[in-house]
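Asker: coords please:
(2 chains)
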Amino acid sequence: MDRLKRLVLPLLQEQLEGMGAGHLPVEAMLNASREADQGDLSLPCFGFAKALGQAPAAIAASLAEALPDHEALASVTPVNGYLNFTASTDWMAQTLLSGGDAQFTTDEPRTVLIEHTSANPNGPFHVGRARNAILGDTLVRLNRLWGNDVTAEYYVDDMGKQVAVLAWALEHLDSEGVEGLLAEREPPNPRWTAKQDHERVRFYQAAQILRQESDDKASIEEAIGQLVHASEHGDEAVLEAFEAAYQPVLDGMLTTLERLGISFDRFTKESEFVTNGDVGRLMEELKALEIHGEADNGAHFLDLGARGLKGKTDFFYRRGDGSSLYATRDIAYHRWKWTQSTALVNVLGEDHKLQAQQVGMTLEELGEQRPEVVFYSFIKLPEGKMSTRRGNVVFMDDLLEEAKAQAEAVVRDLRPEYDDEQISNIAEAVGTSAVRFNIIKVSPEKGFTFRWEDALTFEAGSAPFAMYSHTRACSIANNLGDVPAVDPEKLPVLTNAPDGLRQLLRTLCVQRDVLAKAVDEHRPHLFAEHLLQLANAYNAFYRDCKIAGENGVDTFYFAVSELARHRLKEGLNGLGLQAPKTM
RNA sequence: GGGCGUGUAGCACAGCUGGAUAAUGCAUCGGCCUCCUAAGCCGAAGAUCGCGGGUUCGAAUCCUGCCACGCCCGCCA
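Answerer: Prediction:
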């Protein structure tokens, strides 16, 4: 509809100039109508009343009167001080059918590096951690759909305490000892015994218990502390031992993500920036800054309060022993990222807000830009916060299995003629898609409580609903075979277009606008909402417009159906909702 | 205690760079499968937009005070 706005705007401006009000901000005021029965674009005239010395309703009426007819407009109606523009069905159809794919993508592609997930490789994904991956991957996909050149990156935390604990546990404990320590916890699910993320997290959890409760916890802490220290000074042997400990875990985690359709273009290890000297050089630079300070024990910090940070203002980037901290390495990492891309986007949990603020401010202090950051709230369980450490979790692997099982039952019921393999393929696609959609459809800053019944719903407002509309469109295309194309220049005249047709064309017309906004503002749920509307509109079209009737195939309707099919497919793909293997 | 975020029908959630009757799904009630796949469609009912002030022609939206919940306030990651 941005296209319609560009057509209407000059007409409006001309009229207002004639009325001596050319300076009024029409462009900002002319916006998409809220409700379909209010047309497609609406101009509230209240703001013009004072400048023109007329009542809003009178302004709207005289504008409606004065505006010349335009082929793109079916009507221009003044209502309650608003001026409503309704696009003509013919114009929408012609524009859509003659435009090609270019009309749905950007004219100015950007290069974007999106860092997401970057979870510590110490255990399997639970639903909470997976929100990051689903959000991040959807941003990656939507940016690509928009035409941007995207790199999806996973920052591997391959040093520090969490990995050290895992490495220590694998070296000092055996399975029997581990299970003995975890006797009071839920036993491991036998289904995942081959997945190393599930296997090794038991070692990690057992070590955490020993660190707190064992008689020689002091010496354990000492040993782990030495490992951490060595890794932070770039000790190659220790870093190799760490990698041997975490890599199988990371591989298991990536297997889970792959099932959700999530993959990465690049993995960058935190330790690289220590071993290549970047972190050391960075700390020297920070030392030269005017807001630099030093504590009694030789630790270094920046006084970010001097730059407006509220609350805790001292940002420590160097320990007393000279080693770096996580945030310090993150700054080095970001400087490197800026050499790779002209736009940076990070997906982070809300617990990283302060940290991100510190990193961002320090980057600015160094003359660099901040990355754009998408924060999300945590997913809770009805029993409370999820925690790998406490064992209070819903594992993504289990959720996906459950989703598939439920989908299988539904498909078997609905399509008894399908064989087991077909059912399994459909159920896998439907199950994983439903899980993704359930998470992506809510805005990231909203904390939400995970409930099985919501995650596994397959009704309107869910991924399967949108997938089903697409399947319908596919089914029609398959049934009808070769249908002659329509000439967009010679479409039938659509004076009494059915509601369903109008609704579908209108929804197709706003797809580009919504995608632009979702990408620009990093808010994928806007596009998820749109996809549901598109599916809904397709259903209305399907209801009102018989493509294959007694008189043969309506080639125009078929062309609209095909366009919708492509746009649905594109939308599903943009949200990472997967088509069944057989299709 | 300080900082940030959230609070919208029974439940979940959209709208938040101010504009018309607050959108959608679940649940509830009623209707639609001889007709391109009913995971669907049509209709009904359901909201003091957390509470109080303020700004404005106009506030769910902006400002302010209060209340509730979440996250953060390591020389952890």
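Asker: mind giving me the packing neighbours of the helix or strand residue A:98 falls within?
Answerer: Using DSSP states H and E, residue A:98 sits in helix A:89-99. Counting contacts by 3 or more C-beta pairs under 8 Å, 6 or more residues apart in numbering; DSSP states H and E, helix A:89-99 packs against helix A:499-520, helix A:555-574. (Glycine included, C-beta is placed from N, CA and C.)
Asker: what are the buried residues along that helix?
Answerer: Residues of helix A:89-99 classed as buried: A:89, A:90, A:91, A:92, A:93, A:94, A:95, A:96, A:97 (neighbour count, 16 or more other C-beta atoms under 10 Å).
Asker: do the same with stretch A:33-42
Answerer: A:33, A:38, A:39, A:40, A:41, A:42.
Asker: take these and keep only those in strands.
Answerer: Per DSSP state E, strands hold the following members of these: A:41, A:42.
Asker: and the buried residues of stretch A:33-42, which two are furthest apart?
Answerer: Spanning the widest gap among the buried residues of stretch A:33-42 are A:38 and A:41, at 9.3 Å by C-beta to C-beta.
Asker: so what sits against both of these two?
Answerer: Between them, residue A:38 and residue A:41 share these contacting residues under C-beta atoms under 8 Å, 6 or more residues apart in numbering: residue A:84.
Asker: take the helices and strands packed on helix A:89-99 and lay them out in a markdown table including mean pLDDT and distance to residue A:423.
Answerer: Shown next, in a markdown table, are the helices and strands packed on helix A:89-99 (pLDDT from 0 to 100; distance: least, C-beta to C-beta, whole Å):
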| stretch | mean pLDDT | distance to residue A:423 |
| --- | --- | --- |
| helix A:499-520 | 93 | 31 |
| helix A:555-574 | 94 | 20 |
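Asker: how about those helices in CSV, adding distance to RNA strand B and mean neighbour count?
Answerer: Listed next are these as CSV, based on distance: least, C-beta to the nearest atom of the strand, whole Å; neighbours: other C-beta atoms under 10 Å:
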stretch, distance to RNA strand B, mean neighbour count
helix A:499-520, 7, 20
helix A:555-574, 8, 20
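Asker: who touches the lengthiest helix in chain A?
Answerer: Longest among the helix segments of chain A by residue count, using DSSP state H, is helix A:236-259. Contacts with helix A:236-259, where a contact means C-beta under 8 Å, 6+ apart, come from A:117, A:119, A:121-125, A:130, A:133, A:137, A:156, A:158-159, A:163-164, A:166-167, A:170-171, A:195-198, A:200-201, A:227, A:230-231, A:263-264, A:271, A:275, A:396-397, A:400, A:432.
Asker: and residue A:541, helix, strand or coil?
Answerer: Assigned state for residue A:541: helix (three-state reduction, DSSP: H, G, I helix; E, B strand; the rest coil).
Asker: now swap in residue A:15 and tell me
Answerer: helix.
Asker: for it, give me its contacts.
Answerer: Residue A:15 makes contacts with A:63, A:66, A:67, as judged by C-beta under 8 Å, 6+ apart.
Asker: so when I look at the first one, I'm seeing a strand, right?
Answerer: No - Residue A:63: not assigned to a strand; according to three-state DSSP it is helix.
Asker: check residue A:582 and give its pLDDT.
Answerer: Looking at residue A:582, its pLDDT reads 57.
Asker: name the helix or strand for the nearest residue to residue A:365 once chain neighbours are set aside, please.
Answerer: Among residues not flanking residue A:365 along the chain, residue A:289 sits closest, at 5.9 Å (C-beta to C-beta, 6 or more residues apart in numbering). For residue A:289, there is no enclosing helix or strand under DSSP H and E.
Asker: from residue A:277, how far out is residue A:289?
Answerer: Distance from residue A:289 to residue A:277, counting by C-beta to C-beta, to the nearest Å: 19 Å.
Asker: so, low pLDDT: which residues of chain A?
Answerer: A:387-391, A:582-583 (pLDDT under 70).
Asker: for the residue nearest the centre of it, phi and psi?
Answerer: Closest to where the C-alpha atoms of chain A average out (C-alpha atoms, centre = their mean) is residue A:135, at 3.1 Å. With angles defined as degrees, to the nearest 10, residue A:135 sits at phi -60, psi -50.
Asker: quick one: it and residue A:373 touch, right?
Answerer: No - judged on C-beta atoms under 8 Å, residue A:135 makes no contact with residue A:373 at a distance of 11.8 Å.
Asker: find the residues that touch each one of the two.
Answerer: Shared contacts of residue A:135 and residue A:373, counting by C-beta under 8 Å, 6+ apart, come down to residue A:347.
Asker: how about residue A:230: what's its closest non-neighbour residue?
Answerer: In space, and not counting its chain neighbours, residue A:230 is closest to residue A:238: 4.1 Å by C-beta to C-beta, 6+ apart.
Asker: residues contacting the nearest residue to residue A:233 once chain neighbours are set aside?
Answerer: Closest residue to residue A:233 apart from its sequence neighbours, by C-beta to C-beta, 6+ apart: residue A:323 at 6.0 Å. With contact taken as C-beta under 8 Å, 6+ apart, residue A:323 is in contact with A:229, A:232, A:233.
Asker: ok, and the most crowded of those?
Answerer: Highest neighbour count within the contacts of residue A:323, by other C-beta atoms under 10 Å: residue A:232, with 25 neighbours.
Asker: so what's it closest to, chain neighbours aside?
Answerer: Residue A:232's closest residue in space is residue A:323 (C-beta to C-beta, 6+ apart), at 4.2 Å.
Asker: same question, residue A:485
Answerer: Spatial nearest neighbour of residue A:485, excluding adjacent residues (C-beta to C-beta, 6+ apart): residue A:559 at 6.8 Å.
Asker: contact partners for residue A:295?
Answerer: A:301, A:316, A:320.
Asker: so can I have a markdown table of those residues showing secondary structure and distance to residue A:469?
Answerer: What follows is those, written out as a markdown table (DSSP: H, G, I helix; E, B strand; the rest coil; distance: C-beta to C-beta, whole Å):
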| residue | secondary structure | distance to residue A:469 |
| --- | --- | --- |
| A:301 | strand | 56 |
| A:316 | strand | 54 |
| A:320 | coil | 62 |
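Asker: and RNA strand B, which of those contact it?
Answerer: A:316, A:320 (C-beta under 7 Å from any atom of the strand).
Asker: nearest to residue A:340 among the contacts of residue A:295?
Answerer: Ranked by distance to residue A:340 (C-beta to C-beta), the contacts of residue A:295 are led by residue A:316 at 27.5 Å.
Asker: ok, the residue nearest to that closest one when sequence neighbours are not counted - how many residues close by?
Answerer: Distances taken as C-beta to C-beta, 6+ apart place residue A:301 nearest to residue A:316, at 4.4 Å, with adjacent residues excluded. The local packing of residue A:301 (other C-beta under 10 Å) involves 17 other residues.
Asker: bridging residues for residue A:301?
Answerer: residue A:293, residue A:316 (DSSP bridges).
Asker: and it, what does it touch?
Answerer: Applying C-beta under 8 Å, 6+ apart to residue A:301 gives the contacts A:292, A:293, A:294, A:295, A:314, A:315, A:316, A:317, A:318.
Asker: can you lay out these as JSON lines showing distance to residue A:352?
Answerer: As requested, the contacts of residue A:301 are exported to JSON lines (distance: C-beta to C-beta, whole Å):
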{"residue": "A:292", "distance to residue A:352": "24"}
{"residue": "A:293", "distance to residue A:352": "24"}
{"residue": "A:294", "distance to residue A:352": "26"}
{"residue": "A:295", "distance to residue A:352": "24"}
{"residue": "A:314", "distance to residue A:352": "18"}
{"residue": "A:315", "distance to residue A:352": "14"}
{"residue": "A:316", "distance to residue A:352": "16"}
{"residue": "A:317", "distance to residue A:352": "16"}
{"residue": "A:318", "distance to residue A:352": "20"}
